[in-house]
Structures are given as structure tokens and as C-alpha cells.
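Trainee: need coordinates for the following:
(2 chains)
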Amino acid sequence: MIETTITQSGTAPAPEDFLALVVQANDLLKTLVESSNLAYQATWQVRGGLVPQASLKLTCLNGSRTIELSEPQLRAKKSLERTLEKLRWDILGLASAALGRDIDRRLAALAVEDE
Amino acid sequence: MATPTEQIKELRDTVAGCQTRLAVSEERILVLQEECEKLTAQKAESDARQAKTEEKLAESQKQAAVAEEQIALLQASVEKLTARQESAGERQARSKERMAINEKEAEKWSGRFWQIALAVWTTAMGLLGAVSLAVLGFKR
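Mentor: Modelled structure (predicted):
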């Protein structure tokens, strides 16, 4: 499952076709994690200007990472799919590391209680 | 008007020119065919690479799903552990509270015991004194 938000930032509004690309990329991300048991949050920030840019922050449990995407990167669907898949793995790595730290912390607390 | 001999010569020249152009065209066709074969081979290689990448991507997605499931299970275990720790903490706090109450009660009763003992001893001494005085009075 995934919760997504797309917002515009900066003074210059992004062109319509760029926004459409972001929406498509967001749909692709939803398809990738739709059957997941974990709760993901994706936040897109779209900036206009001479070279429109989109930043995507993906969060799951305590893991979070942000990537920047330009128009050509959003257009190349296959490459984009691989980028999003890599981001997903990065997040899973961070989430499992955070979970591991949490367990270690609890075990240390239990050891102190036992003493 | 050209003579038949001249016409034949002209026709022969035209045929020779056509043959030269045909040879050049054939050469070009061969070059293009070769190029075409190269491109077909490259396309096949690219398709194979693409298929492999897609296969890897699908495999990666499957593994990600498994990893997500494991992380979700781990997360659920951590939540259960947290709940247990909290209830154990609450139990411990309640037990400490009970122990403190019991200790206070014990102290209170210990104080009362000595008060009662003193009162009993004082009364007993008083009675003994009174009885002794009575016995002495009776003897006299």
C-alpha cells in the first residue's frame, strides 16, 4: 500500500506535460508496491523553470530517501522503472536497518533490566 | 537523322551505361544488405539484453515482495515485543507498589505490636502491684 502526494514548489509553475509525466511515474510507483504489506509514503515536489525538475521522497517505516528526476528520466519508462525499483530496495535496506537498531536497543534495555 | 549504325551504337552505349549503373546498384544493395544484417543482429542482441533486464527486474520485484513480507513480520514481532515489554513494565510497577504498601503495613503493625506489648506489660505490672498491695493489706 502507498500514500502519494504531488505538490508544486517554487514560483514558476511546471508545464502541463511535465506534470503528466510525474503523474505517470507516480502510477508506475503505485503499481510496483501495490501488493506490499508495508506502508509506503511517496511525496513528489515538482518545480518549474527552464529545466523542470521533480523530487521524489519515498518513506517506509523509518527508512526514507529522496531522488531527483528530470524530464528525460521521467520519459524513459524502462529506465525509470529500474530507478524506482532501486529506490524501493534502498528504502527496504534502510527500514530493515532501522528495525534491527530498534531490536538491538530493546535487547540492551532488557539486559539492563535483567541486571 | 541518325543512321542505323549510329542508332545501334547509341543503344549499345545506353545498355553499357545501364549495366554500369546496375553494377553500382548491386554493390549498394549488397552493402545495404550487410548493414541490414548487422542491424538485425544488433537488434536481436538488444532484445535479448532487454529480455534479460526485464527478467532481472521481475526477479528483483519478487525478492522485494519477499523482503517486504519479512520486514512486515519483523515489525509485527517488534510491536508484540513492545506490548509485552509494556505489560511487563506495568506488572513490575504494580508489584513494586504492592510491595511498598505491604512494607508500610508491616511497619505500621510492628509499631502497633510494641505499643500493645507495652500497654499489656504496664497493665500487668499495675495489676501485679495492686494484687501485691492487696495481699499485704490482707495479711496485716
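
Trainee: and the helix or strand where B:Lys80 lies, what other elements does it pack with?
Mentor: Using DSSP states H and E, the element containing B:Lys80 is helix B:4-139. Packing contacts for helix B:4-139, counted by 3 or more CB pairs under 8 Å, 6 or more residues apart in numbering or on different chains; DSSP states H and E, involve helix A:77-114. Every residue, glycine included, has its C-beta placed from N, CA and C.

Trainee: okay, angle between the helix it packs on and helix B:4-139 too, please.
Mentor: In terms of direction (axes from the mean of the first three to the mean of the last three CA atoms, to 10 degrees), helix A:77-114 departs from helix B:4-139 by 20 degrees.

Trainee: may I see the buried residues of helix A:77-114?
Mentor: Neighbour counts over helix A:77-114 (16 or more other CB atoms under 10 Å in any protein chain shown) mark A:80-85, A:87-88, A:91-92, A:94-96, A:98-99, A:102 as buried.

Trainee: other SSEs contacting it?
Mentor: Helix A:77-114 packs on helix A:16-33, strand A:53-60, strand A:63-70, helix A:71-75, helix B:4-139, going by 3+ CB pairs under 8 Å, 6+ apart.

Trainee: let's have these in a markdown table, adding distance to A:Gln45.
Mentor: Listed next are the helices and strands packed on helix A:77-114 as a markdown table, based on distance: least, CB to CB, whole Å:
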| stretch | distance to A:Gln45 |
| --- | --- |
| helix A:16-33 | 10 |
| strand A:53-60 | 5 |
| strand A:63-70 | 9 |
| helix A:71-75 | 14 |
| helix B:4-139 | 25 |
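
Trainee: in chain A, what helix or strand scores lowest on average pLDDT?
Mentor: helix A:77-114 (a mean of 87; mean pLDDT, DSSP states H and E).

Trainee: neighbours around residue 76, how many?
Mentor: Picked chain A for this. 12 (other CB atoms under 10 Å in any protein chain shown).

Trainee: nope, chain B
Mentor: Around B:Ala76 there are 11 residues (other CB under 10 Å).

Trainee: then A:Gly63?
Mentor: 20.

Trainee: contacts only, for it.
Mentor: A:Asp90, A:Ile91, A:Leu92, A:Gly93, A:Leu94, A:Ala95, A:Ser96, A:Ala97, A:Ala98 (CB atoms under 8 Å, 6 or more residues apart in numbering or on different chains).

Trainee: if we use 7 Å, what do you get?
Mentor: Residues in contact with A:Gly63 (CB atoms under 7 Å, 6 or more residues apart in numbering or on different chains) are A:Ile91, A:Leu94, A:Ala95, A:Ala98.

Trainee: right, so the helices and strands packed on helix A:77-114: which one is the most enclosed?
Mentor: Of all the helices and strands packed on helix A:77-114, strand A:53-60 has the most neighbours on average by mean count of other CB atoms under 10 Å in any protein chain shown, namely a mean of 20.

Trainee: direction included, what does that strand pair against?
Mentor: Strand A:53-60 sits in its sheet next to strand A:40-47 (antiparallel), strand A:63-70 (antiparallel), going by DSSP bridges.
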